[in-house]
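[1] How does the following fold in three dimensions:
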Amino acid sequence: MNSRVIKGAVLAVFGALTIAFGHLFGLDLDQVALLGITLGAVIGLVPDRSLVERLLGFAAGFVIAYVGYALRAGVLPDTDTAQAVAVFGVIIVAMLVSVATGSRVPLWAILVGGAAMVGAYEQTYAASPSLFLTDAPTAATTVLLASAMGVVGSILLGEEIVESRHREETSRHRDEVSA
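    So this is what the prediction gives:
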């Protein structure tokens, strides 16, 4: 338990460092630090597929959502229906990527990547869709840096989490067999 507290504190320090790095590089990470750190930590901590496959999923989802915004800004009218079409399209493409890879790239990781872009950019987009070319790259770089910090911070926690889950599964299996 004490090691989990220490490792959790390390992840919290990574969150604080994200804001510090943002100020160092002139990025406004204050708005997306918690979002990015937590989504990055999810990618790092969930013991489903390899870390590379989870990162590929995150990246694919991020790019799919980014392209969704580009289509909304450049092609689709600014209506609720167009937004619904964009959301539908992004989720369908995410599912197709997962299916095309035989689920080696997990759908959940693709959706987390999409959520990172949406969480960092939706409010800005809603305020001024015409500024997509200038605002979207800023939102993307800030949340990607924060997410990277979450992944790196979670790597310190990851192996213990996987081992703990394995012990739980083994114990649960023994309980089911003896019942």
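
[2] which strands and helices sit next to the longest helix anywhere in the chain?
    Ranked by number of residues, the top helix in the chain under DSSP state H is helix 132-178. When contacts are defined as 3 or more C-beta pairs under 8 Å, 6 or more residues apart in numbering; DSSP states H and E, helix 132-178 sits against helix 2-25, helix 33-45, helix 51-74, helix 107-127. Heads up, the C-betas are built off the backbone N, CA and C, glycines and all.

[3] what comes into contact with the first one?
    Think helix 2-25. With contact meaning C-beta atoms under 8 Å, 6 or more residues apart in numbering, helix 2-25 is reached by 27-30, 33-34, 36-37, 41, 142, 145-146, 149-150, 152-154, 156-157, 160.

[4] so where is this structure shaky, pLDDT-wise?
    Low-confidence segments of the chain, defined by pLDDT under 70: 1-4, 157-166, 179.

[5] on that earlier part again, highest average neighbour count across the helices and strands packed on helix 132-178?
    Mean neighbour count (mean count of other C-beta atoms under 10 Å) peaks for helix 33-45 among the helices and strands packed on helix 132-178, with a mean of 23.

[6] Run through who's touching that helix.
    For helix 33-45, contacts defined as C-beta under 8 Å, 6+ apart pick out 11, 14-15, 18-19, 22, 29, 51, 54-55, 57-58, 109, 112, 115-116, 119-120, 142-155, 157-158, 161.

[7] With stretch 107-120 instead?
    Residues from elsewhere that reach stretch 107-120, judged by C-beta under 8 Å, 6+ apart: 31-32, 35-36, 39, 42-43, 46, 48-49, 53-66, 68-69, 90-91, 94-95, 97-98, 139-140, 142-144, 147.

[8] Residue 81: what secondary structure?
    Look at residue 81: counting by DSSP: H, G, I helix; E, B strand; the rest coil, its state is helix.

[9] Hmm, residue 125 is touching residue 70, no?
    No - with contacts counted by C-beta atoms under 8 Å, residue 125 stays clear of residue 70, the gap being 10.6 Å.

[10] who touches both of those two?
    Common neighbours of residue 125 and residue 70, using C-beta under 8 Å, 6+ apart, are 132, 136.

[11] Ramachandran angles for residue 103?
    Backbone torsions of residue 103, given as degrees, to the nearest 10, read phi 60, psi 10.

[12] Next one: it from residue 95, what distance?
    As judged by C-beta to C-beta, to the nearest Å, residue 103 and residue 95 stand 10 Å apart.
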